[in-house]
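[1] I would like to see how this sequence folds:
(one chain, ligands or ions: 2)
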Amino acid sequence: MNTFPIIPKPYSMSPIPGVFRFSGHTRIIARDGLEPIGVYLKEVIQSIAGLSLDVSSAEMKPPSAGTILLTLMGENQVLGREGYQLEISNNEIVIRAPHPSGVFYSIQTLRQLMQASHRDQQLSEGGDCLIPAVKIEDRPRFRWRGMHLDVARHMYPIDFIKRFIDLMALHKLNTFHWHLTDDQGWRIEIKKYPGLTEIGSRRKATPIPANRQVSDGIPYKGFYTQDQVREIVDYATRRFVTVIPEIELPGHVLAALASYPELGCTGGSYQVATSWGVFEDVFCAGNEKVYEFLEDVLNEVIELFPAGYIHIGGDEVPKDRWNHCQKCQSMIEKQGLKNAAELQSYFIKRIAAFLSTRRRRIIGWDETLEGGLAADATVMVWRDASYGVQAARMGHDVIMCPTEYCYFDTYQAQDQEREPPAIGGFLPLEKVYAFEPIPDELNPDQTKHILGGQGNIWTEYIPTPEGVEYMAFPRATALAEVLWSPQEVKDYKDFCQRLRGFLRHLDGLGVHYRDPFAVKTLRGVGLHNSL
Ligand code: ACM
Ligand code: ZN
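    Ligands and ions are numbered 1, 2, ... in the order given. Just a heads-up that it's a prediction; the model follows:
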């Protein structure tokens, strides 16, 4: 076996002689207020090794058969906010980290070591869980390690959202970008505007994947209540995952316009979209009621999501309606703007200014760069890396998820006949692994603006949770290593070797990943519903 089959590969590892043996007498000692993480570790060990261990906050006397000690160590320049030290020896496992997040990540590492050796032990002796002694020092390369999930085109049960967050945590991914609104559905309850979910969360039909011009005629609906949203945010917080909501504006808003037609330039009528694409109808940028509406909506969103960022979309905004709208033209004149492109910039800046009064910063897709952007706005790059270069040079923070490397709604194999329907394009595992978030063109100062990257899962052709897993894994596994591990240790062959073991771990968790080493596809196991 590969002795340390850990993904993402740690910053440094030094094997030492010996093994640690887990038994029913092993104790978990969680100091410094780390008991909740101690209990999480207990659950992890229970699920892998079937052992139910004691968790306490103080040393037991006499020293027991073996201890796992969790402690905080004070600030550490090298380890930063998320790093940790993990020392495994004959009698004890010692975990030290500057912050609880590092302790949590050390458990993700320990969990993978246990899973691997337990698997091997079971195969050979059917016995105890033994793990090799080692000293690991680990820390992430990037602070934004994200996965995006579109729940507007198709949505998934709350339990699946939790599972997705759990799988992110296993990969040491720390940011869940929740795409909650779009033309085809509004999926978050807003108390002040019940129409958004009464009308905006329902569409009459969905295009058939096999023939994208034809709709299935089957009504589709659903949304998350505010209680459910709070439950998800709380669940994620306990796994050190920050949830960033995306409320799209001023485009991709047909579901909102269908609910409140007075917010569009023409007044309607509108219906929640039953096809995919980019639609002409967007929020009217010349109507004060639109800004009032959005401030009300965002006020409720802020209450639900404690993160410092709100994603406000900003992508794919056709200007045709604005060019022909009296109100929009008056606004252009009143604000001294040149054209509709500047009106978009005005719109985004105005929302950003409102959010800053609520101590929130905006993230926008890279189109928000056009016509200028508030200095503290963060740009999420989706089209190509050149927008990241432009944004970083202008002094904006940047999150990289260029289509070419990070769109996990694409095909994974050249033989597309074997794959479930996808958005088009081809993004194999090896290419994700080759992704480098920092563009060559940037100097060291500009490089500091690259916060990290994320994988994006748009769900036009992904109606089921199993489909999401198939598209996400193991591409997210490769991305996790890109975002966590030092650039110098990246090696695709070595990654693949570790991945073989890691996939057995995913098997144990029942994940419907795409197996890059075998021809087992989602289509092959019949999980995609419209095939
Ligand atoms: C996007 O894919 N339109 C952000
Ligand atoms: Zn207008």
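[2] so which helix or strand takes in the most centrally placed residue in the chain?
    Centroid check for the chain by CA atoms, centre = their mean gives M147 as the closest residue, at 2.0 Å. Assigned by DSSP states H and E, M147 belongs to strand 144-150.
[3] centre of the chain versus that strand, how much separation?
    Its chain's C-alpha centre and that of strand 144-150 lie 2 Å apart, by CA atoms, centre = their mean, to the nearest Å.
[4] returning to what we had before: correct me, but the residue nearest to the centre of the chain touches D166?
    No: M147 is beyond contact range of D166, at 11.9 Å (criterion: CB atoms under 8 Å). All C-beta atoms are positioned from the backbone trio N, CA, C, and that covers glycine.
[5] ok, now how distant is P474 from C284?
    44 Å (CB to CB, to the nearest Å).
[6] got any ranges where this structure has weak pLDDT?
    1-3, 60-64, 120-127, 519-531 (pLDDT under 70).
[7] contact residues of it facing ligand 1?
    315-316, 365, 382 (CB under 6 Å from any ligand atom).
[8] among the residues you listed, who's most crowded?
    Among those, the one with the most neighbours (other CB atoms under 10 Å) is W365, at 24 neighbours.
[9] quick one, strands of the stretch 251-400 of the chain?
    Using DSSP state E, counting those that start in this stretch, the strands found in the stretch 251-400 of the chain span residues 309-313, 361-365, 378-381, 397-400.
[10] how about the stretch 401-531 of the chain?
    For the stretch 401-531 of the chain, the strands defined by DSSP E, counting those that start in this stretch cover 450-457.
[11] how close does the residue of the stretch 351-500 of the chain found nearest ligand 2 sit to ligand 1?
    Closest approach between the stretch 351-500 of the chain and ligand 2, counting by CB to the ion: I351, at 15.8 Å. Look at I351 and ligand 1: by CB to the nearest ligand atom, to the nearest Å, they are 17 Å apart.
[12] and for that residue, the neighbour number?
    Using other CB under 10 Å as the criterion, the residues surrounding I351 number 24.
[13] verify the stated contact: L167 with Y513.
    No: counting by CB under 8 Å, Y513 is not a contact partner of L167; they are 9.6 Å apart.
[14] any common contacting residues for the two?
    Contact with both L167 and Y513 is made by residues 469, 472-473, according to CB atoms under 8 Å, 6 or more residues apart in numbering.
[15] if any of the residues you listed are buried, put those into a PyMOL selection.
    This is how PyMOL selects the buried members of the shared contacts of L167 and Y513, with burial counted by 16 or more other CB atoms under 10 Å:
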select buried, resi 469+472+473
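[16] list the contacts of the closest residue to G24 other than its chain neighbours.
    In space, G24 comes closest to L51 once its chain neighbours are excluded; the distance is 5.5 Å by CB to CB, 6 or more residues apart in numbering. Listed by CB under 8 Å, 6+ apart, the contact set of L51 reads 22-24, 26, 45, 129.
[17] now do G38
    28-30, 55, 57, 70.
[18] list the buried residues of the host helix or strand of it.
    In this assignment (DSSP H and E), G38 forms part of helix 35-49. Of the residues in helix 35-49, 35, 37-38, 40-42, 44-45, 48-49 count as buried by neighbour count, 16+ other CB under 10 Å.
[19] do the same with stretch 5-15
    For stretch 5-15, by 16+ other CB under 10 Å, it's 5-11, 13.
[20] what parts of the protein come near ligand 2?
    Within the chain, the positions near ligand 2 by CB under 5 Å from the ion are 265, 284, 286, 325, 327-328.
[21] identify, from those, the entry nearest to D138.
    For the residues of the chain next to ligand 2, the minimum distance to D138 (CB to CB) is 50.6 Å, reached by C284.
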